[in-house]
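Chemist: Sequence and predicted structure below; questions after.
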Amino acid sequence: MENQVYNNHVFMTTVPLNRLVNSLTKTFLEPAVTRRSFIVNHIHPDITVTTDEQMLALALGAVLKSAISCTENECIQIDAALSGNQTFIWVKDRQTRFYTNLSSDISFLQSVIAKLGGSVSISSDRYKGTIITFTLSNNLES
């Protein structure tokens, strides 16, 4: 793998986000289908981020698990964008219950993403639903 650095017990490597999210989608396919929901990966195949893949998968997995557990007949969407030296990854669900369900895990999410040099934000609106955004630095020195 490219750009490998061992930094403060975090293994930083270049991670193709689309591939990571596809893997997580397969992991959560059965619980999503059981609740008649589905996950859509909108992330462009060329978007990568330098991060610890295991830790990012842990955080995204926790968000997906929470979204699936409180939705039914819903589309859970994941997307990402690059802006300057930052990568934004967001998970969106039309349900506001998603926010309530996730609130007990927010400290955990913030801790994991902070170790990656990033931050977590949550917005919830009864008309737009809930959006969880991870902001990660594209610099290895984070």
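Modeler: Right, received. Where do you want to start?

Chemist: Which residues are in contact with the nearest residue to residue 110 once chain neighbours are set aside?
Modeler: Using CB to CB, 6 or more residues apart in numbering and skipping the chain neighbours, the partner closest in space to residue 110 is residue 120 (5.1 Å). The way it works is simple: take the backbone N, C-alpha and C, and place the C-beta from them, glycine included. Residues near residue 120 by CB atoms under 8 Å, 6 or more residues apart in numbering: 59, 106, 109, 110, 113, 132, 133, 134, 135.

Chemist: list the helices and strands the strand or helix carrying the fifth one packs on?
Modeler: If I follow you right, that is residue 113. In this assignment (DSSP states H and E), residue 113 forms part of helix 106-115. Packed against helix 106-115 by the contact rule (3 or more CB pairs under 8 Å, 6 or more residues apart in numbering; DSSP states H and E) you find helix 53-69, strand 119-125, strand 129-137.

Chemist: Pull out the buried residues from the longest one.
Modeler: Along helix 53-69, the positions that meet the burial threshold by neighbour count (16 or more other CB atoms under 10 Å) are 53, 55-57, 59-60, 62-68.

Chemist: Now do it and helix 106-115, the angle between them.
Modeler: Following axes from the mean of the first three to the mean of the last three CA atoms, to 10 degrees, one obtains 150 degrees for the angle between helix 53-69 and helix 106-115.

Chemist: tell me what helix 53-69 is packed against?
Modeler: Looks like helix 53-69 contacts strand 10-16, helix 17-27, helix 29-34, strand 75-83, strand 86-93, helix 97-102, helix 106-115, strand 129-137 (3+ CB pairs under 8 Å, 6+ apart).

Chemist: out of the ones you listed, which comes closest to residue 48?
Modeler: strand 10-16 (5.1 Å; CB to CB).

Chemist: Please tell me I have it right and residue 134 contacts residue 89.
Modeler: Yes - Residue 134 lies in contact with residue 89 (CB atoms under 8 Å); the separation is 4.5 Å.

Chemist: what is in contact with the two at once?
Modeler: residue 60.

Chemist: May I have the predicted confidence score for residue 46?
Modeler: Per-residue pLDDT puts residue 46 at 95.

Chemist: Use 39 as the first number for this chain going forward.
Modeler: OK, 39 is where the count begins now, so the last one is residue 84.
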